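1. only geometry, no sequence info:
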């Protein structure tokens, strides 16, 4: 678990329009830490961006980048990298998060990636992982926060070549380069709409609020009940929530935040709207990436179309949430962060970011650094509001504010149903979100918008489930208490046939404990697969069910056949071929090693005789079971010289498991030190005339010396004596002797034996 230091940094991010505005609190990691924690580091160029909904219904932007160079990760130059970021505009609904990176077609970037909840690539730490090429420099968008040493973070430009060389060095691990790539000037990449915007006129409601386009965020009536989900380690989370609510409720305003108690089912957080205003402690559903150094996210989860009040346009806040990370805090820090994040749920911007000047205050009160809503949260505030915060609450939610929508409101569609795709036999959920004076009634129809000829049975709810057999269009009519009914867009439920199941392979692999692991590789496009393993001799004919996982370990006591049935979620199945298994046989030791006794300083030969093939042997020095010191890796090894009694044992292993030998003791006798033989008088080379010779060697050494004479290089000719007598020598040759005792062996010099040619007898003439 991470520990949060005494100060925290808040970057407020807005999920806007009909969806969500959020704020983020985190520390800025070092470049080295970011390199080490990121999945990929690439140089790439923007290609295209597509906005769509993810599996949870949230709006995301999928941006395709073409990779130019890979500094870290398994990707290759020329490939495409698809990043999935929160936010975008889809139909008449939008999600906008200031601080979320935006990629433009044709622009080059240095990108660090991590993974989102669906394990899809996204930019590491939001703005932290996106760098822009500006000539020879790499620049990053505005980054506010503290460095890891608790000093205020100052963003600097980086020399592009030196920075990329540094990244390669860190990734390669063969060097530890110093970060010498900073050019020494604070510099950022401005991103226009992603900075805070406030009204040009001072002290209006909008002066203090977050803004998207021309509209601000504000509750029409700031009366809301919050539930709490989970707990936060170390600190008293409930007390912190109570303190935050009390601070904002005590201002000269209509703010009335209530604690609705514990509700651990409130888990949707900021990624989805569940109709609950919630404080989620300890990140219960994993919305925060641990690598990002994020400490908390809070803000507006759902807002509806704007209304006008006193000449200003306001999105109507409908649902808010705060998510705290799986980290530990000091209580005073936690209190300050909680009050700060609750302020964001009221729509308040950062106090020191007037008109995007990041702290350059243009009005004494309208832009202030001494405030709970300052972008750098000061733990010493202990969660207590300052003058700026109280002025913001009084101006935005003061008693003089009038209701911009008195009386009955006609129904309207705030969130359209979405197109769905299903396979034959499955169902799709269609949902609409409507606003207007309650109660509202719903009627779903098949066909084009306005065609009321075919009513969907039991469709009087905002959400319905349909199971068409063919591709079908649907729309919904919402009727309220006044005004004309609202009609949604038409959506299409596309029906495709159930895909086939394909089995690529099925296998059985013995494992060390004597069991066997069965494994199957199968695919079915877009489907989740289930597995049923059988023991039997004919695929498809049933047999004993032995397991229901993709990979299964079974105990094998006799030869048997297995097969697996793979099924997809829409009803198609495929049976595998048979896979045969047999009991695994452990290694066999035919002859155990024996104890032995040697003289001090001598060597010993250890030997174990095995049965069968495919076994490996590892000898260990020490008592049986002690694997600290490896003595050798063969069935027969030589150890020593030894000067004291030593224990040895061996482990014999094959794929079925290991078997240990008995413990072997090599006893060492402690007598005079054994001395290897040494030759003091070498055999002499000589000329032989009579065909007979005697060779003699003189050697020293402890214990009994043995002698082996050789003719030429390897022909044994005599043993047991320091003297060699040879007769019948007819041609020149050579001899040497090998002297041996228990401590070693020495060869003598070679004695060259020369036989002179016979003399010719003179022959006279008669």
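-> Alright, I've got the coordinates. Worth saying up front: this structure is predicted, and the values here are computed from it rather than measured. Numbering: from 1, shown residues only.
2. Touching, residue 259 and residue 239? I think so.
-> No. If you go by C-beta atoms under 8 Å, residue 259 and residue 239 don't touch, sitting 10.6 Å apart. Every C-beta, even on glycine, is put in place using the N, C-alpha and C of the backbone.
3. ok, how many other residues are close to residue 724?
-> As a burial measure, residue 724 scores 21 neighbours (other C-beta atoms under 10 Å).
4. How about residue 133?
-> Residue 133: 15 neighbours (other C-beta under 10 Å).
5. Can you name the residues bridging to it?
-> Note on residue 133: beta-bridge partners by DSSP bridges are residue 138.
6. was I right about it contacting residue 111?
-> No. Taking contacts as C-beta under 8 Å, residue 133 lies outside contact range of residue 111: 11.3 Å.
7. By residue count, tell me the biggest strand in the chain.
-> strand 294-309 (DSSP state E).
8. Over the helix or strand that it is followed by, what's the mean pLDDT, rounded is fine.
-> As assigned by DSSP states H and E, the chain's next helix or strand after strand 294-309 is strand 312-324. For strand 312-324, the mean pLDDT works out to 86.
9. Check the gap between the closest residue to residue 219 other than its chain neighbours and residue 667 for me.
-> Nearest non-adjacent residue to residue 219, counting by C-beta to C-beta, 6 or more residues apart in numbering: residue 317, 4.6 Å away. Distance of residue 317 to residue 667, computed by C-beta to C-beta, to the nearest Å: 88 Å.
10. Between those two, which has more neighbouring residues?
-> The residue with more neighbours, out of residue 317 and residue 667, is residue 317; 24 against 14, by other C-beta under 10 Å.
11. quick one: residue 76 is in a helix?
-> No. With DSSP: H, G, I helix; E, B strand; the rest coil as the criterion, residue 76 is located in coil rather than a helix.
12. just checking, residue 491 touches residue 472?
-> No. Using C-beta under 8 Å, residue 491 is not in contact with residue 472; the gap is 9.7 Å.
13. re earlier: surely the residue nearest to residue 219 touches residue 217?
-> Yes. If you go by C-beta under 8 Å, residue 317 and residue 217 touch, sitting 5.9 Å apart.
14. Which neighbours do the two have in common?
-> Shared contacts of residue 317 and residue 217, defined by C-beta atoms under 8 Å, 6 or more residues apart in numbering, comprise 300, 303, 347.
15. of all the residues you listed, which comes closest to residue 213?
-> Using C-beta to C-beta, residue 303 comes nearest to residue 213 of the shared contacts of residue 317 and residue 217, at 12.4 Å.
16. For the closest one, list each beta-bridge partner.
-> residue 317.
17. quick one: it from residue 220, how far?
-> 11 Å.
18. Now stretch 379-397: average pLDDT?
-> For stretch 379-397, the per-residue pLDDT averages 87.
19. per-domain residue ranges of the protein.
-> 29-142+144-187, 205-397, 412-496, 523-579, 588-669, 678-754 (automatic domain parsing).
20. Which among those is found nearest to residue 505?
-> Taking C-beta to C-beta, domain 523-579 is the member of the domains of the chain nearest to residue 505, at 8.7 Å.
21. distance between the ends of the closest one?
-> 19 Å (C-alpha to C-alpha, to the nearest Å).
22. what about that domain, average pLDDT?
-> pLDDT averaged over domain 523-579 gives 87.
23. do the same with stretch 440-457
-> In this model, stretch 440-457 has an average pLDDT of 89.
24. residues of that stretch that come out buried?
-> Neighbour-count burial for stretch 440-457, with 16 or more other C-beta atoms under 10 Å as criterion, is recorded at 440, 442-446, 456.
25. Where is the longest helix in the protein?
-> In the chain, with assignment by DSSP state H, the single longest helix is helix 331-345.
26. roughly how far out does it sit from the chain middle?
-> With C-alpha atoms, centre = their mean, to the nearest Å as the basis, helix 331-345 stands 30 Å off its chain's centre.
27. ditto for stretch 624-636
-> 38 Å.
28. which residues sit against it?
-> Stretch 624-636 is contacted from outside by 605-610, 616-622, 637, 639, 647-649, 651, 660, 662-663, using C-beta under 8 Å, 6+ apart.
29. gap between the two ends of that stretch?
-> Terminal residues of stretch 624-636 lie 18 Å apart, using C-alpha to C-alpha.
30. Neighbours of residue 755, how many?
-> So residue 755, with other C-beta under 10 Å, has 16 neighbours.
31. isn't it right next to residue 688, touching?
-> Yes. Between residue 755 and residue 688 there is a contact at 5.5 Å, judged by C-beta under 8 Å.
32. Can you check which residues contact both of these two?
-> residue 729.
33. didn't residue 467 look like it was pressed against residue 427?
-> Yes. At 4.4 Å, residue 467 counts as touching residue 427 under the criterion of C-beta under 8 Å.
34. Tell me how far residue 653 lies from residue 316.
-> Residue 653 is 71 Å from residue 316, by C-beta to C-beta.
35. Show me what the residue lying closest to residue 265 once chain neighbours are set aside is bridged to.
-> Distance criterion C-beta to C-beta, 6+ apart; nearest residue to residue 265, sequence neighbours excluded, is residue 229 at 7.6 Å. Beta-bridge pairing of residue 229 under DSSP bridges involves residue 280.
36. for residue 229, what are its contacts?
-> Counting by C-beta under 8 Å, 6+ apart, residue 229 makes contact with 262-267, 278-281, 284.
37. now residue 498
-> 423-425, 568, 570-572.
38. Quick check on the residues you listed: which are buried?
-> 423, 568, 570, 572.
39. and of those residues, the nearest to residue 748?
-> Distances from residue 748 to these, taken by C-beta to C-beta, are shortest for residue 568, at 82.3 Å.
40. Where does residue 267 fall, secondary structure wise?
-> Counting by DSSP H and E, no helix or strand carries residue 267.
41. ok, it - how many residues close by?
-> Here the number of neighbours of residue 267 (other C-beta under 10 Å) works out to 17.
42. now swap in residue 307 and tell me
-> Using other C-beta under 10 Å, residue 307 is surrounded by 17 other residues.
43. Next one: residue 430 from residue 351, what distance?
-> In terms of C-beta to C-beta, residue 430 sits 43 Å off from residue 351.
44. And the two? Which one has more around it.
-> More crowded of residue 430 and residue 351, by other C-beta under 10 Å: residue 351, with 27 against 22.
45. Quick one: residues contacting the residue nearest to that one when sequence neighbours are not counted.
-> Nearest residue to residue 351, sequence neighbours excluded (C-beta to C-beta, 6+ apart): residue 371, at 3.9 Å. Residues in contact with residue 371 (C-beta under 8 Å, 6+ apart) are 351-352, 385-389.
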